[in-house]
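Student: Let me see the structure of the following:
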Amino acid sequence: MPSLLPAPLHRALLPLAHRVRHHWRRWRKAPIAGVSVIVTNLAGDVLLLKHSYGPDVWSLPGGGLARGEDPLVAARREVREELGVELARIEPVGTLEEVLSGSPHTALIFAAVCDRQPRPDGREVVVARFFPSHSLPEPLGRTTRARIAVWKARGTV
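Tutor: Have a look, this model is predicted:
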């Protein structure tokens, strides 16, 4: 459905959809799950992106996990949809239990290496850049910081 909308209209509607989803989750408090992918290039730099909606912070690629969807499939799908990149190898890193928009959230974290320059979709993602893992940009999202800490603690860096 979103691809039926022109990109500028889609970008314009995403902040509204984000606010509605935020309030819905806060009201309903139903458990939700999602994936985040820490993508590095061959030099070990971390890929971060900025969304066209939500807080103006640097984030990781990822998104919601559909009911019954395999987390690995979801991680590949999110990176493909947001950045036009097919990941050859992707590995689970860890899981975080957190609260997002007032709802219990399970974040499944993956790591992958990318040998191409990502292409932001221009709808959901407007900027995507690689940064040295020892010098990440600010502002870095709170959840992004926690997920990268899980990745670093695993010794993947």
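Student: what's near enough to touch Gly63?
Tutor: Gly34, Val35, Ala74, Glu78, Glu81, Glu82 (C-beta atoms under 8 Å, 6 or more residues apart in numbering). For the C-beta atoms, the positions are set from N, CA and C on the backbone; glycine is no exception.
Student: In strands only, show me those residues.
Tutor: Gly34, Val35 (DSSP state E).
Student: Export the contacts of Gly63 as CSV, with columns for distance to Ala12.
Tutor: Output for the contacts of Gly63, formatted as CSV (distance: C-beta to C-beta, whole Å):
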residue, distance to Ala12
Gly34, 24
Val35, 26
Ala74, 26
Glu78, 22
Glu81, 19
Glu82, 18
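Student: Out of the contacts of Gly63, which is nearest to Arg116?
Tutor: Distances from Arg116 to the contacts of Gly63, taken as C-beta to C-beta, are shortest for Glu82 (13.9 Å).
Student: Count the residues that sit near the closest one.
Tutor: 22 (other C-beta atoms under 10 Å).
Student: I'd say it and Arg119 touch.
Tutor: No - using C-beta atoms under 8 Å as the test, Glu82 is too far from Arg119 to be in contact (9.5 Å).
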